[in-house]
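>>> Fold the following and give me the result.
(2 chains)
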Amino acid sequence: MLPLFAAFVAASTAVLIFAGGLVTSTGSGLSVPDWPNTYGWFMFAFPMSKMVGGIFYEHTHRLIASTVGFLIVVLAVWLRRAEPRPWVRTLGYLALGAVILQGILGGITVLWYLPDAISIAHASLAQILFCLTVTIALVTSSGWRRGYRQGEGERGKGEETPDDRTLQHIAIATTVVIYAQILIGATMRHTGAGLAIPDFPLSFGHVIPPYWDSKIAIHFAHRVGAATVTVLIGAATGHVFFHHARRAELRRPAILLLVLLVLQITLGAITVLGNKPFIINSLHVVNGALVLVTSLVLTLRAHRSRFAHVARGFLPDDLSDEAPRAKSEARRATSGEIRDATDEYGGARA
Amino acid sequence: MSRLSDRLSCAVACAAAMLLISCGGANESTAPASSGAAAPAAAPIDPETTGNVSGKVTFEGTPPAPQPIKLSSDPYCETANSGLTTETQMVGANGAMGNVFVYVKDGLGNRKFAAPSEPVLLDQKGCHYAPHVIGIQVGQPLQIINSDNTLHNVHGLAKANREFNAGQPIQGMKMTHTFSTAEVMVPFKCDVHSWMNAWVGVLEHPYYSVTGPDGTFSLKGLPPGTYTIEAWHEKLGTQTQMVMIGAKETKDVAFTFKGA
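Numbers count the residues shown, from 1 in each chain, chains lettered A, B, ... in the order given. Predicted structure coming up:
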């Protein structure tokens, strides 16, 4: 149940990012001037009938944010009680801290009339929070816990996944650059530079803009970032297809990454050429977040075989990623308990 | 030890999260964001010698037709003011331009003028601001009323003055705001209804006027002197003219804005 719940929390975070995108895209960020109350009402008591105009987007965002906050509280407590790996429990605490800080930033940005720096920080932390919830969902999943061992079930414990340093480096670079690109995108949105260059794919009819100001520079940086991300995703996915085509845990996110990339570029083009239709603009935001976490999943899976070794290098043996597996197996061996291999992390802490 | 610290950190973090999620904080006041400074008494002006500047603002070219505003995001607005159109360029017969703020930009020297105590009214009625353009003196109260049976927020995006944003969720609510510094112009907007905006010209003196549908304006009671008169329009920018007024003299000034 925990992996399923963690996946639900991650999906809820994506919905929250979409709702946040709608707030910015519709210019509704200050339609509710107070915080944490709403026009003096306790947030959850605000009448539905009064959710008109920009209030609909802003107040809905607050309600979803509160729900996600509550879900992350539950997730952190659940991890605390049921997750044997300390570093995974730490991820839960980090997610909890991030959602608290995110709530504070959201409140401050309203009370201080959307200062660019705070609004950009709010947008950027949302991506970190999404990365944390997706990471928790990933590392609590049965596939991760099995270590993606090939042939498992047919040949006992299966084969260790190979350690591909090249893929690891490309995947890390891709994820980092995508995050940087999202930061530039957030800066572009919150400084009103989304239409600073009105044509696409050229810039004022040229490859390089013939005119420059700060907004054009931010907008053009986002386009350069998109090109860089495209090259890196091409490199990462190409490496997977050529060298690890049989590893489904890498092939699937690689395919998804390409699909999301094409969709993202299309949404970006429509945003510019269509004069920022708010739904498309918001989809561009949430799809960007999906590109980021898909790249993150590819990165983490590419590192899966090293995880335990890394943990062993810095932590006592009994705290390493593999320790709970060994303890569990030992317990089962002594008790004669027969359980599905995928369930071995699901019980109470050892 | 590790387990104890885990529990402690978890408990603290959970408590903080629940506080953020569920607790009600202090309400953002809809009371006036007042920061008025009483102006010193005005330097004596001999009323026997004052003159006037009057004139007309016209538009040259084909004015854009007012565009209908989509009000569907608020059912009340759709019912209350279904024919609402944009007020950006109000051009009447013979090119007469309304909603142009005309004021004395320079020439009054260091004269000081007391702020009137009677408030300037800005009404939110039919999901638009009435009037669309107003002038006010530093320290003079601006009374903002919500005459609509829907929620509005009043967001003054001042630069020289303090920015403010106050909610008026109930019909009939009033708030009073004063400006501490001259600023031409302060944009007002309602973030609930994205089409709602107004402009407020804040001056140290009373020599300003907003053109009506006939495009005319009048600046009365100016002491003899040479003045820079500026006409400001929200889309077409500003124009200035120099004018010299003798004792008891009235000068006509015409401004013409051209279409893009």
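>>> What are the buried residues along the host helix or strand of A:Arg89?
Counting by DSSP states H and E, the element that carries A:Arg89 is helix A:86-111. Using 16 or more other Cβ atoms under 10 Å in any protein chain shown as the test for burial, helix A:86-111 gives A:86-89, A:91-103, A:105-111. Where you see a C-beta, it was placed from the backbone N, CA and C, and this is true even at glycine.
>>> Name the SS class of B:Asp214, please.
With DSSP: H, G, I helix; E, B strand; the rest coil as the basis, B:Asp214 sits in coil.
>>> do the same with B:Phe59
Here B:Phe59 is recorded as strand under three-state DSSP.
>>> and the stretch 101-250 of chain B, which residues reach chain A?
With Cβ under 8 Å from any Cβ of the partner chain as the criterion, the stretch 101-250 of chain B meets chain A at residues B:150-151, B:153, B:155, B:163, B:165-167, B:169, B:190-194.
>>> which of these lies closest to B:Gly221?
B:Glu163 (32.7 Å; Cβ to Cβ).
>>> helix or strand for the closest residue to that closest one other than its chain neighbours, which one?
Nearest non-adjacent residue to B:Glu163, counting by Cβ to Cβ, 6 or more residues apart in numbering or on different chains: A:Tyr113, 5.3 Å away. Applying DSSP H and E as the criterion places A:Tyr113 outside every helix and strand.
>>> which residues sit in contact with A:Tyr113?
A:30, B:155, B:163, B:165 (Cβ atoms under 8 Å, 6 or more residues apart in numbering or on different chains).
>>> Equivalent analysis for A:Tyr179, please.
Contacts of A:Tyr179 by Cβ under 8 Å, 6+ apart are A:127, A:292.
>>> just checking, A:Thr109 touches A:Ser119?
Yes. If you go by Cβ atoms under 8 Å, A:Thr109 and A:Ser119 touch, sitting 5.0 Å apart.
>>> intersection of neighbour lists for these two?
Jointly contacting A:Thr109 and A:Ser119 under the rule Cβ under 8 Å, 6+ apart are A:Gly29.
>>> Pull the distance from the helix holding A:Arg89 to the chain's centre.
How far helix A:86-111 lies from its chain's middle: 14 Å, per Cα atoms, centre = their mean, to the nearest Å.
>>> That helix vs chain B: in contact?
Yes. Using Cβ under 8 Å from any Cβ, helix A:86-111 reaches chain B at A:86, A:89, A:93, A:96-97, A:99-100, A:103-104, A:111.
>>> Next, count neighbours for A:Phe44.
12 (other Cβ atoms under 10 Å in any protein chain shown).
>>> Distance of it relative to A:Phe70?
Counting by Cβ to Cβ, to the nearest Å, the gap from A:Phe44 to A:Phe70 is 11 Å.
>>> so the closest residue in space to A:Gly268 that isn't next to it in sequence, which of the three states?
Spatially, and ignoring its direct neighbours in sequence, A:Gly268 is nearest to A:His284 (5.7 Å; Cβ to Cβ, 6+ apart). The assignment at A:His284 comes out as helix when based on three-state DSSP.
>>> Give me the pLDDT for A:His284.
According to the prediction, A:His284 has pLDDT 97.
>>> Show the subsequent helix or strand relative to the helix or strand where A:Thr174 lies.
Using DSSP H and E, A:Thr174 maps to helix A:165-190. For helix A:165-190, the following helix or strand on the C-terminal side (DSSP H and E) is helix A:214-243.
>>> Tell me the helices and strands packed up against that following helix.
If you count contacts as 3 or more Cβ pairs under 8 Å, 6 or more residues apart in numbering or on different chains; DSSP states H and E, helix A:214-243 packs onto helix A:165-190, helix A:248-273, helix A:278-302.
>>> how about the first one: buried residues?
Just to be clear, that refers to helix A:165-190. Those would be A:167, A:170-175, A:177-179, A:181-190, for helix A:165-190 by 16+ other Cβ under 10 Å.
>>> and what of the last one?
Buried residues in helix A:278-302, defined by neighbour count with 16+ other Cβ under 10 Å: A:278, A:280-302.
>>> Quick one: work out the angle between that helix and helix A:214-243.
For helix A:278-302 against helix A:214-243, the angle by axes from the mean of the first three to the mean of the last three Cα atoms, to 10 degrees is 40 degrees.
>>> Show me what helix A:278-302 is packed up against.
helix A:2-25, helix A:116-139, helix A:165-190, helix A:214-243, helix A:248-273.
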